[in-house]
Every structure is written in C-alpha cells, then in structure tokens.
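Peer 1: Got a sequence here, can you build the structure:
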Amino acid sequence: MQIAGPLAAAEDAVARLDERLAKSPIRAGWIARTHFADACASLWLEGELVHLDDLVLHDAGMDVRPPTHELTRAHAVLRSRRRIAEAKPDWALSAAGLAGLRGRGEQGDRQAERGNRNEEEGEAPGPEDEDSDADTGEAFRVAPTDDRLADVFAAVDAAIAQADRALAGENNGRRQPQPERDPLVYDLDWDEDERLDAWRAVVDQTRNLPPALAAAIAADAWRALEPLQHSPWLGRLLAAALLRARGKARSHLPCLHDGLKAIPRERRRPPEAASRLAVQLEAIAAAAEAGLKDHDRWLTARTLLARKLDGRRSTSRLPALLDYVLTRPVVSAGMIAEELKVTPRAAQDMVAELGLREATGRGRYRAWGIL
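Peer 2: Predicted coordinates for the structure are as follows:
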C-alpha cells in the first residue's frame with residue numbers, strides 16, 4: 001500500500017517527539033519558539049517571505065519598521081496557533097472553536113452554545129432587561145419639545161436596546177448577521193458555512209482511522225474544499241489540532257507548515273489522492289523529526305549556558321534571562337529590559353556576560369538568540 005510506509009513513519013516520529021517533550025525541561029520554550037517558526041513557514045508556503053526576527057519584534061510591539069501585510073498575516077497565524085495550543089485538545093475542532101478561529105468572536109460562540117435558553121427577540125423584556133434599559137436609556141427618555149428631537153431620541157433608544165439585547169444574548173443562539181463583504185476581495189457566492197460543514201463531515205468519517213492518517217485526510221480535504229477564502233493556513237493548524245485531540249501529540253502542537261516546507265515544491269500537490277496523503281504524512285514525519293533535532297540542540301545549548309551561572313549570586317538575573325531567551329527565537333535589548341524589568345544598557349551587559357549569539361548582523365536594532 002502506498003501510504004503504509006509514510007503512515008508508520010509519521011506515527012512513530014510524532015510519538016517519539018511527544019514522549020521527549022513530555023519530560024523535557026525546555027518544553028515550554030520549545031513550544032513558544034516553534035510557534036514563530038511555523039507561522040513564518042505558513043507564509044513561505046504561499047510564496048511570501050517573513051523574517052523570523054521581524055515576527056518576534058512585531059509580536060513584542062517593538063517593530064523596527066512599519067509592518068507589512070505579510071507580517072500581519074504571519075502574526076495572525078501565530079495568534080491562532082497559540083490559541084489552539086492553550087485551549088483544550090478538542091476545542092479547535094468544535095463548533096465554538098471553529099467560530100472563534102474564523103473571527104466570529106467569543107461572545108457569538110457563547111450565544112451559540114446557550115441555544116434556546118435566551119428569549120425570542122421581540123418578546124417583553126424581563127426584569128433584568130427593564131433595569132438595563134432604565135440604566136442606559138433614562139437620560140434619553142425626557143419629554144422632548146420638538147418632534148425632530150423625539151425622532152432622534154427614539155433612534156438612540158432603539159440602538160441602545162439593540163446593543164443591550166446583543167450583549168445579553170437575546171438572539172436565541174441564531175447566527176448573527178455578518179457585515180457586508182467587499183466583492184473585490186471576497187466571492188459573495190462562496191458559502192463558507194456549507195463548505196465548513198462538508199469539511200467537518202469528512203473529519204467525522206476519520207474517527208476510526210489512525211491519528212496521523214486522519215490528520216492527513218483533514219489537511220488534504222481543507223485544501224480541496226477551501227472552506228475559508230483567505231485562510232488556507234488554518235487547515236494545517238486544524239490537522240495539527242486533530243493529532244492533539246486524538247491523543248497522538250499530547251504535549252505539543254505539531255508544526256505541519258514547517259514539515260511541508262521540507263517537501264520539494266514539485267511533490268507537494270500530486271494529482272492522485274493516495275500520493276497527496278503520502279505527502280501529508282511525510283510532512284508530519286518531517287515536522288516531528290525536525291522538532292526532535294531542534295529540541296536536542298536547544299537543550300544542549302541550555303546546558304552549556306547554564307554552566308556560566310555557577311557561583312552566581314541568588315539575586316542574579318542571568319538565570320531569568322536564560323529561561324526567557326529559550327522561549328523566543330531572538331530577543332532584543334528592549335524585549336529583555338521589559339521582561340526582566342532592567343534598563344536596556346543592563347540588558348546588553350547581561351547578553352554579553354551570558355555569551356548569546358548576535359543573530360541579525362546589524363549595528364543597530366540588534367537581536368540575540370540560541371540558534
């Protein structure tokens with residue numbers, strides 16, 4: 001069978017990496033660093049180049065230049081990865097999780113979960129609603145002396161009441177009307193909800209399959225169905241979340257963008273379905289193997305740098321600096337100063353004392369890291 005070998009390799013590689021991370025002293029740092037690398041890889045697969053240090057500085061709010069559109073998109077991928085990794089394993093694949101990742105908002109998710117507990121819109125308000133109206137709209141219920149003012153006050157009252165109903169969840173769990181989209185940017189005939197339901201149906205059919213194969217099918221189905229017009233990267237994040245939800249990657253969120261980056265471009269989209277699944281499985285295995293190598297390299301670097309901390313005073317900030325630099329691919333003097341509550345000059349002195357490697361090659365706006 002064409003996918004038997006890649007499937008076994010992917011399952012084994014993910015399991016070995018997850019087992020290594022489960023007991024690793026640098027697990028939190030490994031996860032934080034790989035979020036940045038996978039976000040940059042997601043744009044690389046789309047033909048856009050985002051520098052890793054630019055993404056780190058942008059995330060810290062310390063850009064050295066105005067952020068580009070590609071950098072903003074990479075930061076959106078980074079935020080989504082963090083949100084998926086910090087949530088429960090099955091959150092991203094739930095209706096509430098998908099709504100949140102699509103940008104529908106957490107309040108809309110809570111309304112959908114409450115369902116029919118809320119009142120039908122248009123019924124008489126309850127006691128809480130009456131109090132809310134009294135608090136928010138009392139200033140506008142004065143007796144106007146002009147009919148035009150009466151119309152204005154009535155419009156304000158209606159807007160306040162509508163806002164109160166939205167905040168109180170009085171829309172009975174129904175879909176909220178979305179703002180109109182620009183037809184120059186979006187295809188108005190593109191039914192995202194229908195396509196997303198079709199993708200979820202495909203994922204439901206993989207419940208009895210091995211986790212790696214299920215993730216490969218989910219990633220390939222997302223590429224074929226394209227549920228969201230401008231978020232092709234979300235499919236691989238959801239495939240990684242599927243590995244986590246099925247218990248294959250309990251200690252980390254796989255970096256499938258980074259894994260697919262290792263596959264030659266001419267092999268990424270073969271026409272045959274079995275070949276496409278084999279490529280996705282190879283990407284899962286490549287991501288796990290690269291993650292294992294990075295983990296061992298960073299752990300060795302941490303061990304070597306920790307030797308420089310022997311004999312330090314208990315008030316030394318160097319141990320805190322070592323822990324912080326393990327969580328970012330690169331750090332600047334401003335980032336260190338803000339994190340450790342020291343001056344930028346003191347941050348540069350600590351970097352020199354710890355012996356971190358300069359990563360940018362610049363004379364100004366320099367950054368250091370464990371490479």
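Peer 1: Select the longest helix from this protein.
Peer 2: helix 273-306 (DSSP state H).
Peer 1: which helices and strands sit right next to that helix?
Peer 2: When contacts are defined as 3 or more CB pairs under 8 Å, 6 or more residues apart in numbering; DSSP states H and E, helix 273-306 packs onto helix 4-22, helix 27-45, helix 211-225, helix 256-261, helix 318-325. Heads up, the C-betas are built off the backbone N, CA and C, glycines and all.
Peer 1: in the protein, which segments are predicted with low confidence?
Peer 2: 1, 104-189 (pLDDT under 70).
Peer 1: Residue nearest the middle of it, spatially speaking?
Peer 2: The centre of the chain sits closest to residue 80, judged by CA atoms, centre = their mean, with a distance of 1.5 Å.
Peer 1: Residue 319 against residue 309, yeah?
Peer 2: Yes: under the criterion of CB atoms under 8 Å, residue 319 makes contact with residue 309 at 5.7 Å.
Peer 1: that older thread, most packed of the helices and strands packed on helix 273-306?
Peer 2: Counting by mean count of other CB atoms under 10 Å, helix 256-261 has the highest mean neighbour count of the helices and strands packed on helix 273-306, with a mean of 24.
Peer 1: now it, how far from the centre of its chain.
Peer 2: Helix 256-261 has its C-alpha centroid displaced from the chain centroid by 15 Å (CA atoms, centre = their mean, to the nearest Å).
Peer 1: Over to stretch 40-58?
Peer 2: 14 Å.
Peer 1: That one: end-to-end distance?
Peer 2: Separation of the first and last residues of stretch 40-58 by CA to CA, to the nearest Å is 13 Å.
Peer 1: what residues does it touch?
Peer 2: Stretch 40-58 has contacts (CB atoms under 8 Å, 6 or more residues apart in numbering) with 36-37, 39, 63-65, 67-68, 70-71, 73-75, 77-78, 232-233, 236, 255, 257-258, 260-261, 328-332, 335, 359-360, 367.
Peer 1: swap in stretch 346-361?
Peer 2: With CB under 8 Å, 6+ apart, stretch 346-361 has contacts from 53, 305, 308, 317-318, 321-322, 325, 329-331, 333-334, 336-337, 340, 342, 366-371.
Peer 1: still on that earlier bit, now list the buried members of the contacts of stretch 40-58.
Peer 2: Neighbour counting over the contacts of stretch 40-58 (16 or more other CB atoms under 10 Å) leaves 36-37, 39, 70-71, 73-75, 77-78, 233, 236, 255, 257-258, 260-261, 328-332, 335, 359-360, 367 as the buried ones.
Peer 1: The spatially closest residue to residue 317 that is not a sequence neighbour: what's it in contact with?
Peer 2: Using CB to CB, 6 or more residues apart in numbering and skipping the chain neighbours, the partner closest in space to residue 317 is residue 340 (5.3 Å). For residue 340, the contacting residues are 317, 320-321, 324, 347, 350, by CB under 8 Å, 6+ apart.
Peer 1: ditto for residue 371
Peer 2: Here residue 371 is in contact with 357, 359 (CB under 8 Å, 6+ apart).
Peer 1: 10 Å instead, please
Peer 2: Shown in contact with residue 371 (CB atoms under 10 Å, 6 or more residues apart in numbering): 297-298, 301, 329-330, 356-359.
Peer 1: just residue 19 next, same as before
Peer 2: 250-251.
Peer 1: roughly how far apart are it and residue 103?
Peer 2: According to CB to CB, to the nearest Å, residue 19 and residue 103 sit 35 Å apart.
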